[in-house]
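K.L.:
Predicted structure and sequence below. I'll ask about it afterward.
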Amino acid sequence: MTVLEKVRELLPDMLPGEKAQVLQWLARDISGAFPGIESTPSVLGGEPCILRTRIPVWLLVQARKLGSRESDLLKIYPALRAEDLTNAWAYYSAHKQEIEQQIQENEE
């Protein structure tokens, strides 16, 4: 069975929200764009940040690695929304090496 056939088999059992999430993942994968994440050379040296904030993705990823829960992050950074964290995790997943390097550079 091919991967495409497996996907076709799983679709009827998925909830509408799950299908929307898969569609979002596919759109990001195809386009390479990450809504809610921006890199501006004049802001934190161009590190990818959450849109409308100066919160870098690497900082959120490192906090998560150190045991912070999403609810903790939303309390610590009131400007963040749950969607922002979802976007940050997706960006990290697609740019793991870049974010790991930024963590290392900023921790030194």
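P.N.:
Here it is on my side, so go on.

K.L.:
From H95, how far out is V61?
P.N.:
Distance, V61 to H95, by Cβ to Cβ, to the nearest Å: 10 Å. Backbone N, C-alpha and C define where each C-beta goes, glycine included.

K.L.:
What of N87?
P.N.:
Computed as Cβ to Cβ, the N87 to H95 distance reads 12 Å.

K.L.:
What of V57?
P.N.:
In this view, V57 and H95 are 8 Å apart by Cβ to Cβ.

K.L.:
Find residues that contact each of the two.
P.N.:
Common neighbours of V57 and H95 (criterion: Cβ atoms under 8 Å, 6 or more residues apart in numbering): P48.

K.L.:
Comparing the two, which shows the higher neighbour count?
P.N.:
V57 (26 against 18; other Cβ atoms under 10 Å).

K.L.:
show me what contacts that one?
P.N.:
Contacts of V57 by Cβ under 8 Å, 6+ apart are 37, 47-50, 88, 91-92, 99, 102.

K.L.:
Give me the subset of the residues you listed lying in strands.
P.N.:
37, 49-50 (DSSP state E).

K.L.:
what pLDDT does the nearest residue to G36 once chain neighbours are set aside get?
P.N.:
Once flanking residues are discounted, G36 sits nearest to N87: 3.6 Å by Cβ to Cβ, 6 or more residues apart in numbering. Turning to N87, the model gives it a pLDDT of 92.

K.L.:
Fine by me, thanks again.
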